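**Q** sequence? don't have it. structure:
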Ligand code: G6P
């Protein structure tokens, strides 16, 4: 199969993820407005140009009525999206509960909720049941839309049960599963009451992928230690079936960012921002407002930097874009007030009548404004406590061809393994170290900045999301052919 050969039809791909690349907002009884969703998974998967891809997922909205469901299905079909309709209770138990209050914090090493042990244990079971039910609903929509030969690519921690649901109904479906978060050490994973079920379900896939080699290694050791299975260099073996496990570091559609910088509206934005912050160095943070992003720690490090370097106080500004996310989950609500409190205190302490050191925005920016902001930034500050990859670091690098600013990057982000040599790596828990890195970044000589930028730019423009997807899917096709040859389902044809 030669992907370059234009005469061949593109391979059909069913991408299944909890969230569709667009979220729906109801405008009237039968009319919907579609907005681009946020998050690393969406930004990476937007560039799947080599495939005939359809996307199956939740549109982020409760649509109880049939007319509304029909109208939304029609509107989404134009974007090649197929909705899974989840009712309010399922969203509450599966998405807010099991996905975002249990798996997400645990996979990022933040532990399990423990306020009220008894009620947590009880709600744990009902949330896990809702998780399985929701995964089955996704499977039903996949089966309804499946055509023979399709590759089904399941994404992320929301859908760990999906490979099993798919294979139970049709063992011939080609199933890949990719995790966009870290997979934690087996010592962390074993805390989950449903630890066995989740691992066994993922192992129903033909190919299991992670961002880094470490995450893949953690997954294999969880399977060997918790399930007692055999790990091999290729993956995990279970009763004669091999599930291939490997690392596929994700990337971005770097050309989209580079091209955007040429647009007149982006150039206008750049000009405005330069005027607005003339005479000051711009530091930038762009994160979803999530505990894993280490936003309070980052802001405290900036405060420590200002405290120790009074000469910088009116010469630097920190722009922190914190996109609200999962706002129905109490932990996220607490984080929002905590961040506001710290920002208010620091601005009160170091602000003047005409300027404040921190501009904190509780909202997302449109793509063009974001590109302009990346382009005028002197120092990007990414201090995740844990992060599967962190594509903001990639987006920043893609927009820095002229500025060649400095990337300060958490060593706990997957991106540290690819951009580490071109960044100042920090332990985000060590506030003094982050403060010292801010000083180092702001004072870094141009030739050093240039060298680091070139390293990163080369990586970001050659390890793109298109290449990531093509590698995963071709590996999945190969894995299946190898498995068929092993079990002699494919006759050997001499050439
Ligand atoms: C992370 C996850 C994605 C998720 C995104 C946004 O990047 O890996 O699966 O879509 O966050 O979170 P949300 O809960 O809004 O979908």
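**A** Good, I have the coordinates. These numbers come from a predicted model, not from an experiment. Numbers count the residues shown, from 1 in each chain.

**Q** how many neighbours does whatever residue of the stretch 151-300 of the chain ends up closest to the ligand have?
**A** Minimum separation of the stretch 151-300 of the chain from the ligand (Cβ to the nearest ligand atom) falls at residue 180, amounting to 3.7 Å. (Each C-beta comes from the backbone N, C-alpha and C, glycine too.) Using other Cβ atoms under 10 Å, residue 180 has 23 neighbouring residues.

**Q** now swap in the one 4 residues further on and tell me
**A** Other residues within reach of residue 184 by the criterion other Cβ under 10 Å amount to 21.

**Q** now for the closest residue to it other than its chain neighbours: which residues touch it?
**A** Nearest residue to residue 184, sequence neighbours excluded (Cβ to Cβ, 6 or more residues apart in numbering): residue 107, at 5.4 Å. By Cβ atoms under 8 Å, 6 or more residues apart in numbering, the contact set of residue 107 is 157, 181-184, 188, 386.

**Q** make CSV out of these and add distance to residue 86 and secondary structure.
**A** Below are those laid out as CSV (distance: Cβ to Cβ, whole Å; DSSP: H, G, I helix; E, B strand; the rest coil):
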residue, distance to residue 86, secondary structure
157, 16, helix
181, 21, coil
182, 26, coil
183, 25, coil
184, 27, coil
188, 28, helix
386, 27, coil
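
**Q** how about the residues of the stretch 201-350 of the chain that lie near the ligand?
**A** Within the stretch 201-350 of the chain, the positions adjacent to the ligand are 325-326 by Cβ under 6 Å from any ligand atom.

**Q** apart from its chain neighbours, what residue comes closest to the residue in the chain that the ligand sits nearest to?
**A** Distance from the ligand to each residue of the chain (Cβ to the nearest ligand atom) is smallest for residue 39, at 2.7 Å. Spatially, and ignoring its direct neighbours in sequence, residue 39 is nearest to residue 288 (6.6 Å; Cβ to Cβ, 6+ apart).

**Q** before we move on, what's the pLDDT of that neighbour?
**A** Listed pLDDT for residue 288 reads 97.

**Q** about what we covered before: the residue of the chain closest to the ligand is in contact with residue 17, isn't it?
**A** No - applying Cβ atoms under 8 Å, one finds residue 39 not in contact with residue 17, separated by 9.7 Å.

**Q** more neighbours, these two?
**A** Ranked by neighbour count (other Cβ under 10 Å), residue 39 and residue 17 place residue 17 first, with 24 against 17.

**Q** just the helices in the stretch 1-150 of the chain please.
**A** According to DSSP state H, counting those that start in this stretch, the stretch 1-150 of the chain carries its helices in the segments 40-45, 66-77, 88-90, 104-107, 117-145.

**Q** winner for burial among those helices?
**A** helix 40-45 (a mean of 22; mean count of other Cβ atoms under 10 Å).

**Q** got the contact list for that one?
**A** 15, 17, 19, 21, 36, 55, 155-156, 180, 250-253, 388-391, 395, 465, 468-469.

**Q** just stretch 51-58 next, same as before
**A** Applying Cβ under 8 Å, 6+ apart, the contact partners of stretch 51-58 are 9-21, 45, 79-86, 91, 95, 138, 141-142, 145, 469, 473.

**Q** contact partners of stretch 205-212?
**A** Contacts of stretch 205-212 (Cβ under 8 Å, 6+ apart): 154, 163, 167, 174-180, 182-183, 202, 216, 219, 235, 243-250, 388-389, 414, 417, 472, 475-476, 479-480, 483.

**Q** return the members of these classed as buried.
**A** Neighbour counting by 16 or more other Cβ atoms under 10 Å classes 154, 163, 167, 174-180, 182-183, 202, 216, 219, 235, 243-246, 248-250, 388-389, 414, 417, 472, 475-476, 479-480, 483 among these as buried.

**Q** sitting in strands, which of those residues do you find?
**A** Of the buried ones among the contacts of stretch 205-212, the ones assigned to strands by DSSP state E are 154, 174-178, 235, 243-246.

**Q** secondary structure class for residue 448?
**A** helix (DSSP: H, G, I helix; E, B strand; the rest coil).

**Q** tell me how far it lies from residue 159.
**A** Separation of residue 448 from residue 159 (Cβ to Cβ, to the nearest Å): 43 Å.

**Q** between the two, which is the more surrounded one?
**A** Between residue 448 and residue 159, counting by other Cβ under 10 Å, residue 159 is the more crowded of the two (26 against 12).

**Q** verify the stated contact: that one with residue 138.
**A** Yes - with contact defined as Cβ under 8 Å, residue 159 counts as touching residue 138 (6.2 Å).

**Q** distance check, the residue nearest to residue 39 against residue 156.
**A** 14 Å.

**Q** of these two, who's got more company?
**A** Set side by side, residue 288 and residue 156 show more neighbours around residue 156, with 23 against 19, by other Cβ under 10 Å.

**Q** give the contact list for the more buried one.
**A** So residue 156 contacts 17-18, 41, 178-181 (Cβ under 8 Å, 6+ apart).

**Q** swap in 10 Å and give it another go.
**A** 16-19, 39-41, 99, 103-104, 162, 177-181, 388 (Cβ atoms under 10 Å, 6 or more residues apart in numbering).

**Q** name the nearest residue to residue 455, sequence neighbours excluded.
**A** Per Cβ to Cβ, 6+ apart, closest to residue 455 is residue 422, 3.7 Å.

**Q** sketch out the low-pLDDT regions of the stretch 51-200 of the chain for me.
**A** The stretch 51-200 of the chain contains residues with pLDDT under 70 at 115-122.

**Q** which parts of it sit against the ligand?
**A** By Cβ under 6 Å from any ligand atom, the residues of the stretch 51-200 of the chain that approach the ligand are 156, 180-181.

**Q** quick one: distance of stretch 403-416 to the chain centre.
**A** 16 Å (Cα atoms, centre = their mean, to the nearest Å).

**Q** for stretch 54-67, that is, sorry about that
**A** Using Cα atoms, centre = their mean, the offset of stretch 54-67 from its chain centre is 21 Å.

**Q** what does stretch 184-203 give?
**A** Computed by Cα atoms, centre = their mean, the chain-centroid distance of stretch 184-203 equals 20 Å.

**Q** end to end, how far does that stretch reach?
**A** With Cα to Cα, to the nearest Å as the measure, stretch 184-203 spans 17 Å from end to end.

**Q** could you give me the buried positions within it?
**A** For stretch 184-203, a neighbour-count test (16+ other Cβ under 10 Å) marks 184, 186, 188-189, 192, 194, 197-203 as buried.
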